[in-house]
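**Q** Need a 3D model of the sequence below.
(2 chains)
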Amino acid sequence: MIDDVHDRLQDLEELTRSYARYSRNAGGLSSVLGGVLCLLAYFGGQLLHGVAVASAVLIAIPAVWLLAKGWMTRRYYQRWGHVEEQETPVERRMHWFCVVVVLLVALVITAVLASAARPHPWSLPPGMLGYLALLWLLVLAAWRWLRSPLDFIVGVFLFCQAAMVSGGGYYPLIGTTHTLQATQMSLVALMFPLAALAMIANGVREHGQFQQLRRRLQQVRAGQGGEA
Amino acid sequence: MSTPGDITEVMALDRLVHEPARLLILAVLSGAKLVEFGFLEQVSGLSKGNLSSHMSKLEAGGLIEVKKSFRGKRPLTELCITPAGRRALANYRRQLATVMQGIPAPAAPTKRRREE
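**A** A predicted model of the protein is given here:
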C-alpha cells in the first residue's frame, strides 16, 4: 500500500515535471522551426545577399521564431494551464552566465561603433543603427526566452545574422572565402547549422514525448490515471 | 497488532498534508516552480470550490503560496509550493513509510473463506 501511495505521488510529480519542461527547456515543434529557420538564415545570408525582400525576411526571422515559440507553448504544449519549470542551480547560473556574456559583447561592440562614428557617436548609418538595435534585442531575448543551450546557440545566431544583414553583411559559408579572417569566421559560423540539426532532432524527440504525455494527461483527466 | 510506538507514529502524521486532496495538490506543486490553477483543476479532478478550500488551508499553514492577478480581463490564480511545503511533503512520506513498516501484511485468505 505504501509503495502504491508513494508511486502515485511520484507519478503526479513526474507528470507535472514533464509538462513543466515545455515552459522552458523543451520546445518540441518550435525547436524544429528554430532549427529550420537557422538553416535558412545560415544559407540565405550569403546566397540571397543583396535581395531586399530576403534581407527583410532574414531580419524578421528572430522575432517570428520567438513569437511562434511563445504561441506554440501557450496554445499547444501548455494548453491545460501554464506550469513553470523548476530551474536547477546549475541551469540558473548557466543562464545568467550566457546573459552576462551577451551583455558584455553588446557593450563592447556599441562602444567600438560609437567611438568610430563621426562627427558624433550617434551619427551612424541607419543600417548600423539597426545592427545595434538587434544586438540589444538579443540581450533581452537571451534573458527572457533563450533558456536551453540549443535555444541560446540558435537564437544568438538568428539575431547575429539579422544584425549582420541589417549592417550590409552576412556570415560567410565555409569554402567560399579567400581571406584568413573570413575563413576563420566561416569556421566559427559552421557550428550554427550543426546546432540547428541537433535542435531539429531534439524537437522531434520532444514532440514525440509530448504525445505520450498528452495521452497520460487525458487518462488522468478521464479518471483512469488512478492518482492519489 | 499495533504497538504503542506505531500509534505514536500514526498520531504524529501531519494532518494538514495527510488529507488526499491536499496531498495531491502538494505532489503536483512539488514538480514545478509555478502552477496555474487550471492545470491543477485538470489533473486533480476536483471542483473549483473544493480545490479553493484546500488551497486556503495549505496557504494558511504556510505550505503553499497563492498569487492572484489578471491576464487581460481574466483572473489568474497561480500556486507554488514553499520550502516549508517541500519539507512537510518529504517528512510526510518518511512518516508514512515508517507507519506502514510497523503494520503486518494482511494474512492470505483461507480456502474456506474463498469458498464463502
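
**Q** Could you use CA atoms for every contact and neighbour count after this?
**A** Will do.

**Q** Secondary structure class of residue 49, three-state.
**A** All of this refers to chain A. With DSSP: H, G, I helix; E, B strand; the rest coil as the basis, residue A:49 sits in coil.

**Q** next one: residue B:75
**A** strand.

**Q** I'd guessed it sits against residue B:68; true?
**A** Yes: if you go by C-alpha atoms under 8 Å, residue B:75 and residue B:68 touch, sitting 7.2 Å apart.

**Q** show me where chain A has helices.
**A** A:2-20, A:29-47, A:52-72, A:89-116, A:126-144, A:149-166, A:180-189, A:191-221 (DSSP state H).

**Q** Columns mean neighbour count on top of those, output as JSON lines?
**A** Formatted as JSON lines, those follow (neighbours: other C-alpha atoms under 10 Å in any protein chain shown):
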{"stretch": "helix A:2-20", "mean neighbour count": "19"}
{"stretch": "helix A:29-47", "mean neighbour count": "22"}
{"stretch": "helix A:52-72", "mean neighbour count": "17"}
{"stretch": "helix A:89-116", "mean neighbour count": "15"}
{"stretch": "helix A:126-144", "mean neighbour count": "19"}
{"stretch": "helix A:149-166", "mean neighbour count": "24"}
{"stretch": "helix A:180-189", "mean neighbour count": "15"}
{"stretch": "helix A:191-221", "mean neighbour count": "17"}
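
**Q** Skipping adjacent residues, who's closest to the residue nearest the centre of chain B in space?
**A** Nearest to the geometric centre of chain B sits residue B:23, at 0.7 Å (C-alpha atoms, centre = their mean). Spatially, and ignoring its direct neighbours in sequence, residue B:23 is nearest to residue B:17 (5.4 Å; C-alpha to C-alpha, 6 or more residues apart in numbering or on different chains).

**Q** ok, that neighbour - contacts?
**A** By C-alpha atoms under 8 Å, 6 or more residues apart in numbering or on different chains, the contact set of residue B:17 is B:23, B:26, B:88, B:89, B:92.

**Q** Pull up the residues of chain B that are close to chain A.
**A** Residues of chain B lying near chain A by C-alpha under 8 Å from any C-alpha of the partner chain: B:20-21, B:23-24, B:27-39, B:42-45, B:93, B:96-97, B:100.

**Q** from those residues, which ones fall inside helices?
**A** Going by DSSP H, the helices hold B:20-21, B:23-24, B:27-29, B:37-39, B:42-44, B:93, B:96-97, B:100 from the residues of chain B next to chain A.

**Q** ok, back up a step: just the buried ones among the residues of chain B next to chain A, please.
**A** Neighbour-count burial (16 or more other C-alpha atoms under 10 Å in any protein chain shown) applied to the residues of chain B next to chain A gives B:21, B:23-24, B:27-39, B:42-45, B:93, B:96-97, B:100.

**Q** neighbours of residue A:120, just the number please.
**A** Summarising burial for residue A:120: neighbours were counted as other C-alpha atoms under 10 Å in any protein chain shown, giving 10.

**Q** Check the gap between the spatially closest residue to it that is not a sequence neighbour and residue A:41 for me.
**A** Nearest residue to residue A:120, sequence neighbours excluded (C-alpha to C-alpha, 6+ apart): residue A:114, at 7.9 Å. To residue A:41, residue A:114 is 27 Å away according to C-alpha to C-alpha, to the nearest Å.

**Q** before we move on, what about residue A:84?
**A** 30 Å.

**Q** Likewise for residue A:94?
**A** 26 Å.

**Q** on that earlier part again, for the helices of chain A, give me a markdown table that also has mean pLDDT and distance to residue B:79.
**A** As requested, the helices of chain A are arranged in a markdown table below (pLDDT from 0 to 100; distance: least, C-alpha to C-alpha, whole Å):
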| stretch | mean pLDDT | distance to residue B:79 |
| --- | --- | --- |
| helix A:2-20 | 83 | 13 |
| helix A:29-47 | 93 | 27 |
| helix A:52-72 | 94 | 21 |
| helix A:89-116 | 93 | 21 |
| helix A:126-144 | 93 | 21 |
| helix A:149-166 | 92 | 27 |
| helix A:180-189 | 86 | 43 |
| helix A:191-221 | 92 | 19 |
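
**Q** Good, we can wrap up now.
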